[in-house]
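Participant: Using only what follows, build the 3D model:
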Amino acid sequence: MRFQNKKCILHRKKEDVRLCNHSRAFFCDDGGFSTVGMVLAMLITLALLFSTAQVYKIYSISADIQNISDVAALAAENQVASFYTTAQACDAVILSMNITACVTGGLGIVCACTPVTQPISAKLLDASRQVISARQKFSKKAAEGLNTFQKILPFIAAAEGYAMAKANSSDISGYAGVALLVPQKGEEITINDGQALADVIDNAEDQADDIKEQAQKAEEASKRAKNSKHIAYMADCGNAPEYCMYERAKNVAGLDSASNPCPDSESAWTFSMALERSKAYYSFRLHHEKPDGDSVDAHADSQMRKRFYAFACEEIAKGYVHENNLNDTFEAYFPLLPRNTSEMRATTLYTDAIYPITQTDNAYIMHAWSGCPLAADNYCGNGSISDMEHGEFIQCPECKFTAASLGKVAAASTSIENGYEYNYRIVANQARVYQQARQEAKNATEEVKRPVKNLFEQFKEAFRSVCGQRIEVYPPGRYGAVSILVSTNQQNASSLIPNSFVAQTSPLSSRMALSAATLAPDEADDTNSALTTLFDRLSGGDLFGSKAPRIAIEIWSKSLQSWNKGEQAIDDTISSVASSLPLEDVCGLGKWALNTFRDTVENFGLEPVELSSYKAVTVNSSHVLSRDDSEFSQRIYQVKYTYQSMEGSGVGNPIASAIDTLNGKALEKTEDLSKPITVAHIEMFGEGGISIPVEVTLPPEVAEVSQSAINQAFDALRGATSSITEDRRWQ
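Facilitator: I've put the predicted structure just below:
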């Protein structure tokens, strides 16, 4: 501030006041102002400045209580979020135990179906029973622990409100208050005991011995069938290029590949290939048979071979192979060809009357064929070899025909490995062995599949009933938390910013704040889920002890790692564990049982554990109070919005009346809160197994707050409300 005219001078001489060069008092003619005006402006400015500062300080102090009340409500509701997380953890543990019991028991049944894994079966079924027992104990303890936990939640909430008020008190402002949960009481928690799964394991153990016995029979019969097929395959074409039916048909008869196939592997070979090859072979030999020379003996031998080939064509045409892998049936008929004279006598070769008979000197001669040089004269009819052996015949001196002439045709090629008939007889014999073994295996297999299917169906129903009842909780504070704070000391406004410009002798009145918080879901994934830490602890390290079955440990470990996948978790666990089991049996029951078990699992309809974590957020208290019909909530709600008189104690002072209704609500019987609250213990695989507690660690300030301190906070609330009258509105 500066003067604009140096000639303007204020002269005072007693009561005589004169102005120099100006017609207006106190002002120069060029727009300046006097020293008095300056002083007054400065005084007014300073007064406004200090008044504004004091008002700001008063408002700031008044606003602080609301902020502290918000923090108290959030802290209280966060304990409810911890309860939900603990309940989720218990649900996940029980789910993992259900999955473990189901997979362990199911694989125990699967292992009973294969002889190699049968020793593991009993261990798995026993491990499943142990898991079910552990699950039953854990379920009981978890229900008790969660119910105990939710009973002390109101005290924890009140303690949080008190602790926040105490922590934010100072010499300038002191606060007292509590946080109350809405509603104040939770619903009783019950958990299914899983007895249905135990009943299935009982049934499985009762039937295990019969299943194992029939599985053993099925496996032995299947091995015989497999071995017989291998022998037949080698005799037909597997020995190529060494002697076998394929090699003989190719090199002796010269059959082409269409009539004489040779598959690359045994799995591609069938008995029908051998039968069709034989039909083609004997047909070719019949139509292409020629004498080895011009002698009568050569022609006679050729005629015997033709007769044998013709008989072979007729007989093998009667053969068949009917195989259906869909219904596991096999029927085959490979007619056996005679390999000597004795066997020839049992065929039509012996009884067919096709050989010419001549008579000379009252004697009869039977000839090998009509082309015999001596068969043209004195012909008197045809006869059979049977006639020749039972009648009076003399041997033809030219063709020398006897019963042995025909009997020896197949004798050589049947007796040595380079003969077609030798290998054909092997295939024919093995076809009978294969058919019988297949039928025995099928009968035994059906005796296994029937009870196993029934047990898996029982598993499905039991698992649905057990897992269909998940842990559902309705704890105190499920709608939210309400915090009520008051100032505990009175202050003189002038002491906030000491000054001489603003005089305020009356103290600041008591202040009260109402805040509310509720839970909002926070989308979680595998990395940020509130349960991740717990299950990392459970699945990490050597926690199981040496007495736990290794495979059961692996199953539970997999279940813990995939608890958030629901039904997919079971299938993944089965796939992972089953890959280490030797289920590759000959009869195929191992794979069948595993696939059937997996198909059953797909129909369980299992839902994953609820992963969403919860966080507390501040909301308008009406959103919390309006959802609860308790006396406390309704009174506070009415106080806030209508400020009408309410019945009961405190008429004319509704705040005091509302506080009276909740006094003692938060004070439940509590234990030593300086230690973590153990909801339940996870105890698996008996003595020497695993024992891990599911705990809840409370904030350290809660352990420091006693019930007497909570009562003091309520007394402070009553004291603050005593100054409220009907004509003062609670803001």
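Participant: And the pLDDT for Ser60?
Facilitator: Looking at Ser60, its pLDDT is 59.
Participant: Likewise for Gly108?
Facilitator: Taking Gly108 on its own, its pLDDT is 91.
Participant: Test my guess that it contacts Thr117.
Facilitator: No - the pair Gly108 and Thr117 fails to qualify as a contact (CB atoms under 8 Å) at a distance of 9.5 Å. To be clear about C-beta, it is placed using only N, CA and C from the backbone, and glycine gets the same treatment.
Participant: what's the closest non-adjacent residue to His230?
Facilitator: Glu266 (6.4 Å; CB to CB, 6 or more residues apart in numbering).
Participant: Can you report how many residues neighbour that neighbour?
Facilitator: By other CB atoms under 10 Å, 14 other residues sit near Glu266.
Participant: And Arg307, by the same measure?
Facilitator: So Arg307, with other CB under 10 Å, has 21 neighbours.
Participant: Check which helix or strand the closest residue to it other than its chain neighbours maps to.
Facilitator: The shortest distance from Arg307 to any residue other than its chain neighbours is 6.4 Å, reached at Leu406 (CB to CB, 6+ apart). Counting by DSSP states H and E, the element that carries Leu406 is helix 403-407.
Participant: in this protein, which strand has the most residues?
Facilitator: The residue-count maximum for a strand in the chain (DSSP state E) belongs to strand 512-522.
Participant: pLDDT value on the residue nearest to His230, please?
Facilitator: According to the prediction, Glu266 has pLDDT 93.
Participant: got it, and the one 10 residues further on?
Facilitator: The model reports Glu276 with a pLDDT of 96.
Participant: residues touching it, list them.
Facilitator: Neighbour list for Glu276: Ser259 [criterion: CB atoms under 8 Å, 6 or more residues apart in numbering].
Participant: how would you label it: helix, strand or coil?
Facilitator: Judged by DSSP: H, G, I helix; E, B strand; the rest coil, the three-state class of Glu276 is helix.
Participant: mind checking the SS state of Asp193?
Facilitator: Here Asp193 is coil, with the state taken from three-state DSSP.
Participant: what's the closest non-adjacent residue to it?
Facilitator: Closest residue in space to Asp193, ignoring its immediate chain neighbours: Gln136 at 5.1 Å, by CB to CB, 6+ apart.
Participant: okay, now the one you found: neighbour count?
Facilitator: Gln136 has 18 nearby residues by other CB under 10 Å.
Participant: Ala520 too?
Facilitator: 13.
Participant: wait, isn't it in contact with Tyr614?
Facilitator: Yes - the criterion here is CB under 8 Å, and Ala520 meets it with Tyr614 at 6.9 Å.
Participant: quick one: the helices in the stretch 201-350 of the chain?
Facilitator: For the stretch 201-350 of the chain, applying DSSP state H, counting those that start in this stretch gives helices covering 245-248, 271-287, 296-316, 341-344, 348-351.
Participant: wait, which of those helices is closest to Val80?
Facilitator: In terms of CB to CB, the element of the helices of the stretch 201-350 of the chain nearest to Val80 is helix 271-287, at 73.5 Å.
Participant: how about that closest one: buried residues?
Facilitator: Residues of helix 271-287 classed as buried: 271, 273-286 (neighbour count, 16 or more other CB atoms under 10 Å).
Participant: likewise stretch 340-347?
Facilitator: Buried-residue list, stretch 340-347, by 16+ other CB under 10 Å: Thr341, Glu343, Met344, Arg345, Thr347.
Participant: For that stretch, list the C-alpha coordinates in PDB.
Facilitator: Backbone C-alpha positions of stretch 340-347 (Å, rounded to 0.1, in the frame of the first residue of the first chain) are rendered in PDB as follows:
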ATOM      1  CA  ASN A 340      -3.100-140.600 -42.200                       C
ATOM      2  CA  THR A 341      -5.000-143.700 -43.200                       C
ATOM      3  CA  SER A 342      -6.600-144.000 -39.800                       C
ATOM      4  CA  GLU A 343      -8.100-140.500 -39.900                       C
ATOM      5  CA  MET A 344      -9.000-141.000 -43.500                       C
ATOM      6  CA  ARG A 345     -11.300-143.900 -42.500                       C
ATOM      7  CA  ALA A 346     -13.400-141.400 -40.600                       C
ATOM      8  CA  THR A 347     -14.200-139.300 -43.700                       C
END
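Participant: Which residues outside it are in contact with it?
Facilitator: The contact list for stretch 340-347 (CB under 8 Å, 6+ apart) reads 311, 336, 338, 350, 385-386, 403-404, 406-408, 410-411, 414.
Participant: Take those and write them to a markdown table, including pLDDT.
Facilitator: Formatted as a markdown table, those follow (pLDDT from 0 to 100):
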| residue | pLDDT |
| --- | --- |
| Phe311 | 94 |
| Leu336 | 92 |
| Pro338 | 91 |
| Tyr350 | 92 |
| Ile385 | 92 |
| Ser386 | 93 |
| Ala403 | 90 |
| Ala404 | 89 |
| Leu406 | 88 |
| Gly407 | 86 |
| Lys408 | 86 |
| Ala410 | 81 |
| Ala411 | 84 |
| Thr414 | 83 |
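Participant: Max pairwise distance over those residues: which two?
Facilitator: For the contacts of stretch 340-347, the maximum inter-member distance is 21.8 Å, found between Ser386 and Thr414 (CB to CB).
Participant: Look at these two and report which has more neighbours.
Facilitator: Ranked by neighbour count (other CB under 10 Å), Ser386 and Thr414 place Thr414 first, with 20 against 15.
Participant: Give me the three-state assignment for Leu485.
Facilitator: At Leu485 the chain is in strand, as set by three-state DSSP.
Participant: Please determine how far it is located from His623.
Facilitator: 19 Å (CB to CB, to the nearest Å).
Participant: and those two? which has more neighbours close in?
Facilitator: Leu485 (34 against 12).
Participant: shouldn't the more buried one be in contact with Gly161?
Facilitator: Yes - using CB under 8 Å, Leu485 is in contact with Gly161, at 7.2 Å.
Participant: Doesn't Pro475 lie inside a strand?
Facilitator: No - assigned with three-state DSSP, Pro475 falls outside any strand and is coil.
Participant: tally of neighbours for it?
Facilitator: 23.
Participant: How about the contacts made by it?
Facilitator: Contacts of Pro475 (CB under 8 Å, 6+ apart): Val80, Phe83, Tyr84, Ala87, Gln150, Leu153, Gly186.
Participant: now swap in Tyr246 and tell me
Facilitator: Tyr246 is in contact with Asp236, Cys237, Ala240, Asn260, Cys262, Arg277, counting by CB under 8 Å, 6+ apart.
Participant: So the residue nearest to Arg307 versus Ser82, what's the distance?
Facilitator: Distance of Leu406 to Ser82, computed by CB to CB: 99 Å.
Participant: Nothing else from me, thank you.
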